[in-house]
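Asker: Take a look and give me a structure for this.
(3 chains)
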Amino acid sequence: MGSGARRRLLANVFLAAVVFIWIILPGVWTICQSLKEPRDVHTLRWIPWLEYEPTFAAWRENLGDPQLLRTLGNSVLVASATTVLVLVVGTPAAYGLARFRLPPFTSRDTLLFFLSQRFLPPVVVAVPLAVAVQSVGLYDNVVGLIVAHTAFFLPLGVLIARGAFLDIPRDLEEAALVDGCTRVQMFVRVVLPLALPGIAATALVTFGFSWNEFVAALLLTQYRAQTLPLFVAGSEDTWGLDMARVAVRGLIAVAPPLIVGLLVQRFVVRGLVMGAVKG
Amino acid sequence: MKRRAWLATALLFLLGCGGSAKDNVPTIRIAVYASGPRGAISGPFYYWKEQWEQETGAKLEIAEIPFAELHDKVFADLRAGTARYDGIVGPAWFYGDYILGDYIIPIDDYIERGTKGEFPFWDPDTVVPPLRPLHMWGGKWYGVPNDGDAHILYYRKDILEDPKWQERFRRETGHELPVPPQTWEELAEVAEFFHGKDWNDDGEPDFGITMHLAVGGQGFFHYMSLSAPYVVLPGAKKDRFHNVYWLDPETLEPLIDSPGHQRALAMLRRLQKAGPPGQTGWQLKEAWDRFLNGKAIFCYSWGDVGSLAQDTSQSRVKGKIGCSALPGSYEVWDRQKGEWVRFETPNRVGNTVGGSWHGVISRFSKHPELVYHLFAFHAQKEVNMFHCVTGWTGIDPGRTFHFPEPYGDASITDYVSAGWDENDAREYTKAYYQNYYHAQTYLDYLRIPGTMEMWRQLDRRLHEAVVDHSIPEAEILRRVKEDWNRILDRLSAELGRERLKRLYQQSIGYEGGSAEGD
Amino acid sequence: MARRDSQGWLFVLPAVIWLLAVNVGPAVYMVGHSFFAPRYSEERGASVRRWVGLENYRRFFAEDQLVHSIWFTVGVAVVSVAAELALGLLFAVMAWRATAFGIRLWRGLFAVPMLMAPVAVAYLATTVFAHEVGVINGLLHRLLGVPFESLPRWRSDRFWATLAVILVEVWQWTPFCFIVFLAALAAQPEDLREAALVDGAGEWQVFWHVTLPCLRPVLLTVLLLRLIEALKLFDVPYGLTRGGPGTWTQTYSMWIKEVAFTRYDMGLASAMSTMLLLALTALGIAVLPLLRKQLAISEEP
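Answerer: The predicted model follows:
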């Protein structure tokens, strides 16, 4: 079909143009900005060497900033721990929702409870939470932030993982039960390994959301527990926004989830799609 | 089960990280707005960190907080008593909240002990008189001087003194080009004359003035500086009608909607039209850039402009600038009489707008002496002078030893050897000296609880005024007044009106009496 | 299969408790707190609570800028979500016939924006929307010759600042819609389409009458999800417009944060949170039938 092939070509050209404007241009621009001297950042120059003399000064300054190491470490810690907790608490819940009726409610009602949690804006929770963590001494403590992030991203994790469990045939479980496993043993030994791709998707999506979260990180930390998004927000001082600095810090902050996300695209897409379609 | 053990270890590790790792070295942590190791205000603390740590054997941690969040973070810490910050390098407008909660400690005792060599020495008398009250409350010192903030006027001396332009100005307007302008009206006329002309020969039309008017970008300080001569009536004492700017000291009624303010706001809008169209979205650096790049005749702002102008990596105007204290106004609004008063010479109001960023010591600190030591270290003559002459530190003149002869005991070579053009340095220090020592009256500093909120609302309403000229000045100022009354009413409900009034009177050094003068 | 249902709670309970403790608990506390105001006692910094009834709610409605934020937040959410859905669908339709490699490529490239931290996006966008030297205005000036005076003021004009916020939102979340729609298109039964084509229907007719109805449930859920997220908008105006001009682009969430921590007016912040909870609950109840139906599609144990 000649017209089909031509249409496909046109569609691809169209998408290429969109991707160029949408993704490539802003990306290149940001990298250019990060390579500029103070006198060049407020100019519309694109091409290094030709239009301006590139410098790694902003990169050097920010990579050598002691705050970077601290906030980066905290981000890794908070996002990893949140992911682990969401898996530990969330996958059993997802399994329970996928397989059991939960008297006196139906499992659908219980699922609606999880769904309803996604309606809660972080700021509504974080304001009283900030007061609460102050009183229990977890203010400016990664633990406080991890507890909050786990609550924020648990509902989504549960939904994604539930989808994964629904895809597993029940006969396998029944066979395991017949073999004398307890429910819990069967869950750990038979179901979890089978649901691994779905669980990987849950983990990746949770990690990404936690890494990027700003409101709770802003309200629950002071110094020790600051995460990377706060380092980015710190690009602005009384003189205003330092364009080269914000470009460098922004690139540093978005790089890890971007690299991971692109490397294991399949799982991320799966997670997002499941979270959306089944939820 | 192995996996479970692994998880447990991970959790323990997490908790361990949460708890603090204490060792024997005393550690202090200071809160400062985030600007990095080579940025304004925070930079100097990194610069001297190692030397200070060696000198004291203590450890210094610098907690950088995004500028917009500094207030919320500092007071969240102080309210909760979590003592995350031992010292706070904050602006003078925090004092109302500091004092209300009794969150900071006086330092008179430390200053005294400093004279005996227990701490690095700085002399309180070296702080220029108008800045002293910003570090004090109720006669006691609380803050250690660091940065002196005040607006001065920068202009292109080379252009304004060029006979060619003076001749053209005379032809167009029929009178002499005033160098520098003595009133805002004169300044506006000169700015309008140059605006749109290509006076720097780059083939593009250039600007008369450049201002930082973005919301959340400290644009309201421009307005404060500009409005002061129209509304601050000089007098012998700080009484109900003289030398006050913010609120009626007897009733706490906001004074922001007077005819003086309306005229000032109209002037701000007039000046704005003689500047670049984008300035309503600019913060300091973007606005300064136009002046530093030789695209604007005037810029009135903080001392940073003068020192940044010396850095040729970002400036094309080194050696070409002139400076003066801010222009004044011949007419001042007299609230008592309800009429304009005309003066023989322009009413010039001494200016201390800005943060005057300096350190105070948290009451909850376990090492107040170390914190004081650190701030005193930075306040020493040699260290502070180095900061003053170096552009990136963000630290501006405010100590007597910053001024070269004939005004003080510094030498102009201090500036020249730090890379300054000699003429620029003379202009710069002369303007600051005029501002600090030659004014008839001063723009007093708002330091009550709720200042942050009041200024934020002022900033927002002023932004509405500059982005939309169709709203009448009176309407904008009415909105500010309404906002402020709401804030003051809430604070009154919380604290009691009388207590709030006492705090306000204390903060401005009110000398009582309602009908002095005439 | 023999179900011992009470065992199910063993699996679900930890998560439920966590959510009740960390999400629901504080929210309920806020509701209670909205009827109180503080009064300082003379002791250091200590304040006592006093009952004020609905006073905090009255104060909310007395402040125009707070009320305005409701309309702004809702308006931005509706417009940007509509644009995201439309663009996402357009791109997905363009991409779904591509080869397997093509799909992976477009999907991978388009995933970039939504993997980025929104606050970083907002700050990075300031250089794109800067007045004379931003990418957009720079191009308008250079390529189309728009004079400086008439360039859009992205950060200081009500209309353009609103549009800037919407554009950033759309930039970041259209890819999400795209990816979900692409998956849904790939999953739809091919035979129905082919049957329709064989019957002589045109491509467009097939799209309207066969493909789109198949996508309806997915469209609705994505719409709902994005709407919920968009109503929480905070990071983008926080970094890009600072809530300006004036307080025009200050969203409801930003106000709650400012009222709570800058003003330290917890009573008003609680009242605002409570109203938001009520509104979202109402929205939830309104879409409940839809959700139930959607869940019924997935298997019920």
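Asker: Start and end of stretch A:58-67, how far apart?
Answerer: Across its full length, stretch A:58-67 reaches 15 Å end to end, with C-alpha to C-alpha, to the nearest Å as the criterion.
Asker: Whether that stretch contacts chain C - can you check?
Answerer: No: among the residues of stretch A:58-67, none lie within reach of chain C under C-beta under 8 Å from any C-beta of the partner chain; the closest is 12.9 Å away. From N, CA and C alone the C-beta is placed, and that goes for glycine too.
Asker: hmm, that stretch touching chain B?
Answerer: Yes: under the criterion of C-beta under 8 Å from any C-beta, stretch A:58-67 makes contact with chain B via A:61-62, A:64-67.
Asker: Selecting buried members of these in PyMOL, what would you type?
Answerer: One line in PyMOL is enough to select the buried ones among those; burial here means 16 or more other C-beta atoms under 10 Å in any protein chain shown:
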select buried, chain A and resi 61+62+65+67
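Asker: How about the contacts made by B:D468?
Answerer: With contacts defined as C-beta atoms under 8 Å, 6 or more residues apart in numbering or on different chains, B:D468 is in contact with C:158, C:245.
Asker: Now do the same for it: its pLDDT.
Answerer: If you check B:D468, the pLDDT there is 93.
Asker: if we can go back for a sec, tell me the one among the residues of stretch A:58-67 next to chain B nearest to chain C.
Answerer: Within the set of the residues of stretch A:58-67 next to chain B, A:N62 lies nearest chain C; the separation is 13.3 Å, counting by C-beta to the nearest C-beta.
Asker: wait, the closest one sits on A:V246?
Answerer: No: using C-beta atoms under 8 Å as the test, A:N62 is too far from A:V246 to be in contact (9.9 Å).
Asker: Tell me who's in contact with B:P120.
Answerer: Residues touching B:P120, when contacts are defined by C-beta under 8 Å, 6+ apart, comprise B:114, B:373, B:376-377, B:379-380.
Asker: Tell me the helix or strand right after the strand or helix carrying B:M385.
Answerer: When elements are assigned from DSSP states H and E, B:M385 belongs to helix B:381-389. Later in the chain than helix B:381-389, the nearest helix or strand by DSSP H and E is helix B:412-417.
Asker: Give the closest residue to the closest residue to chain A within chain C in space, chain neighbours not counted.
Answerer: Closest contact between chain C and chain A, by C-beta to the nearest C-beta, is at C:G8 (2.7 Å). Excluding its sequence neighbours, the residue lying closest to C:G8 (C-beta to C-beta, 6 or more residues apart in numbering or on different chains) is A:F100, at 2.7 Å.
Asker: For the one you found, grab the count of nearby residues.
Answerer: Per other C-beta atoms under 10 Å in any protein chain shown, the neighbour tally for A:F100 reads 22.
Asker: next one: A:V28
Answerer: 12.
Asker: Same question for C:F110.
Answerer: Residue neighbour count, defined by other C-beta under 10 Å, stands at 25 for C:F110.
Asker: distance of it from chain B?
Answerer: Look at C:F110 and chain B: by C-beta to the nearest C-beta, to the nearest Å, they are 30 Å apart.
Asker: and the longest helix for chain B?
Answerer: Criterion DSSP state H: the longest helix present in chain B is helix B:473-495.
Asker: swap that for chain A, please
Answerer: For chain A, the helix with the greatest residue count under DSSP H is helix A:66-99.
Asker: and the helix or strand just after that helix with helix A:66-99, angle?
Answerer: Once helix A:66-99 ends, the next helix or strand along the chain (criterion: DSSP H and E) is helix A:107-117. Following axes from the mean of the first three to the mean of the last three C-alpha atoms, to 10 degrees, one obtains 160 degrees for the angle between helix A:107-117 and helix A:66-99.
Asker: Most neighbours among the contacts of B:P120, which one?
Answerer: The residue in the contacts of B:P120 with the most neighbours, by other C-beta under 10 Å, is B:A379 (27 neighbours).
Asker: dump the residue contacts of that residue.
Answerer: B:A379 makes contact with B:120, B:122, B:144-146 under the criterion C-beta under 8 Å, 6+ apart.
Asker: got any ranges where chain B has weak pLDDT?
Answerer: Segments of chain B classed as low confidence (criterion: pLDDT under 70) are B:1-23, B:513-518.
Asker: still on that earlier bit, and the longest helix of chain B, what other elements does it pack with?
Answerer: helix B:259-273, helix B:451-467, helix B:497-508, strand C:36-40 (3 or more C-beta pairs under 8 Å, 6 or more residues apart in numbering or on different chains; DSSP states H and E).
Asker: quick one: buried residues of it?
Answerer: Judged by neighbour count (16+ other C-beta under 10 Å), helix B:473-495 contains these buried residues: B:473, B:476-477, B:479-484, B:486-488, B:490-492, B:494-495.
Asker: cool, stretch B:406-417 as well?
Answerer: Taking 16+ other C-beta under 10 Å as the basis for neighbour counts, the residues of stretch B:406-417 that come out buried are B:407-408, B:410, B:414-416.
Asker: With respect to B:K140, which of those residues is nearest?
Answerer: Distances from these to B:K140 were compared by C-beta to C-beta; the smallest belongs to B:G408, at 26.4 Å.
Asker: Skipping its backbone neighbours, what lies nearest the closest one in space?
Answerer: Of all residues beyond its chain neighbours, the one nearest B:G408 is B:T400 (5.1 Å), with distances taken as C-beta to C-beta, 6+ apart.
Asker: Quick check, that neighbour in contact with B:P129.
Answerer: No: using C-beta under 8 Å as the test, B:T400 is too far from B:P129 to be in contact (9.6 Å).
Asker: where's the residue nearest the centre of chain B relative to chain A, distance?
Answerer: In chain B, the centroid-proximal residue (C-alpha atoms, centre = their mean) is B:G354; its distance is 1.2 Å. If you measure B:G354 against chain A using C-beta to the nearest C-beta, the figure is 9 Å.
Asker: Ramachandran angles for that residue?
Answerer: With angles defined as degrees, to the nearest 10, B:G354 sits at phi 110, psi -170.
Asker: Tell me if I'm right that it and B:W302 touch.
Answerer: Yes: B:G354 is in contact with B:W302 according to C-beta under 8 Å; the separation is 5.7 Å.
Asker: who in the stretch 51-200 of chain C is up against chain A?
Answerer: The stretch 51-200 of chain C comes close to chain A at residues C:91, C:94-95, C:97-98, C:102, C:104, C:106-113, C:115-121, C:123-124, C:126-128, C:130, C:133, C:135, C:138, C:142, C:171, C:176, C:179-180, C:183-184, as judged by C-beta under 8 Å from any C-beta.
Asker: about what we covered before: okay, and which of the contacts of B:P120 map to helices?
Answerer: By the criterion of DSSP H, membership of the contacts of B:P120 in helices covers B:114, B:373, B:376-377, B:379.
Asker: which residue sits closest to the residue nearest to the centre of chain B, ignoring its sequence neighbours?
Answerer: Take B:G354 and drop its neighbours on the chain: the residue closest to it by C-beta to C-beta, 6+ apart is B:D149, 2.8 Å away.
Asker: In three-state terms, how would the one you found be classified?
Answerer: coil (DSSP: H, G, I helix; E, B strand; the rest coil).
Asker: Indicate the residue of the stretch 201-301 of chain C located nearest to chain B.
Answerer: Here the stretch 201-301 of chain C gets closest to chain B at one residue, C:G244, 3.3 Å apart by C-beta to the nearest C-beta.
Asker: what's the neighbour count on that residue?
Answerer: Look at C:G244: counted by other C-beta under 10 Å, it has 28 neighbours.
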